[in-house]
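Chemist: pasting a predicted model and its sequence here:
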Amino acid sequence: MSESIYPQASPDLAGKRRELAPTIQSAFDAFSKSVFAEGALPAKIKQLIAVAAAHITQCPYCIKGHTKAAMKHGASPQEIMEAIWVAAEMRAGGAYAHSAISLTTMNENHERHED
């Protein structure tokens, strides 16, 4: 079962995206280049943030691309794995924080049944 539901990234697919919306693709490319340029945060840190975000959004292309970019900018395997663990904690934190909705709902429902 080695097939993926995700098509392999390719120059053909990238070309088709550009062909169908060239202005938007160019704007996206410029935006991406600007976001990941050295700035107040070094490029390595930006790529580690992107690795974590890619795991939260579960984008396989982003995971692969930003992991490669992080390594290119000097990130160690340990730094990359720690970034992934930060993502895992944040994703779990969302479920933990949203449990307040269920707890409040259960409490409201319990109070209505007591009346």
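Modeler: Looks like it came in fine.

Chemist: okay, helices next: where are they in this structure?
Modeler: If DSSP state H is used as the criterion, the helices of the chain fall at 11-20, 22-35, 43-57, 60-72, 77-114.

Chemist: buried stuff in stretch 96-114?
Modeler: Buried residues in stretch 96-114, counted by 16 or more other C-beta atoms under 10 Å: none are found. Any C-beta I mention is one placed from the backbone N, CA and C, and that applies to glycine too.

Chemist: got it, and stretch 48-56?
Modeler: By neighbour count with 16+ other C-beta under 10 Å, stretch 48-56 contains the buried residues 48-55.

Chemist: do the same with stretch 66-78
Modeler: Within stretch 66-78, judged by 16+ other C-beta under 10 Å, the buried ones are 66-67, 69-71, 73, 75.

Chemist: ok, which pair from the residues you listed is furthest apart?
Modeler: Thr67 and His73 (11.1 Å; C-beta to C-beta).

Chemist: circling back: of the buried residues of stretch 48-56, which is the nearest to Gln8?
Modeler: Ala54 (17.4 Å).

Chemist: columns distance to Met90 and pLDDT on top of the buried residues of stretch 48-56, output as CSV?
Modeler: Formatted as CSV, the buried residues of stretch 48-56 follow (distance: C-beta to C-beta, whole Å; pLDDT from 0 to 100):
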residue, distance to Met90, pLDDT
Leu48, 14, 98
Ile49, 11, 98
Ala50, 14, 98
Val51, 13, 98
Ala52, 8, 97
Ala53, 9, 97
Ala54, 13, 97
His55, 9, 97
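
Chemist: what's the closest non-adjacent residue to the residue nearest the centre of the chain?
Modeler: Among the residues of the chain, the one closest to the centroid is Ala54, at 2.2 Å (C-alpha atoms, centre = their mean). Using C-beta to C-beta, 6 or more residues apart in numbering and skipping residues adjacent in sequence, the residue nearest Ala54 is Cys62, 3.6 Å away.
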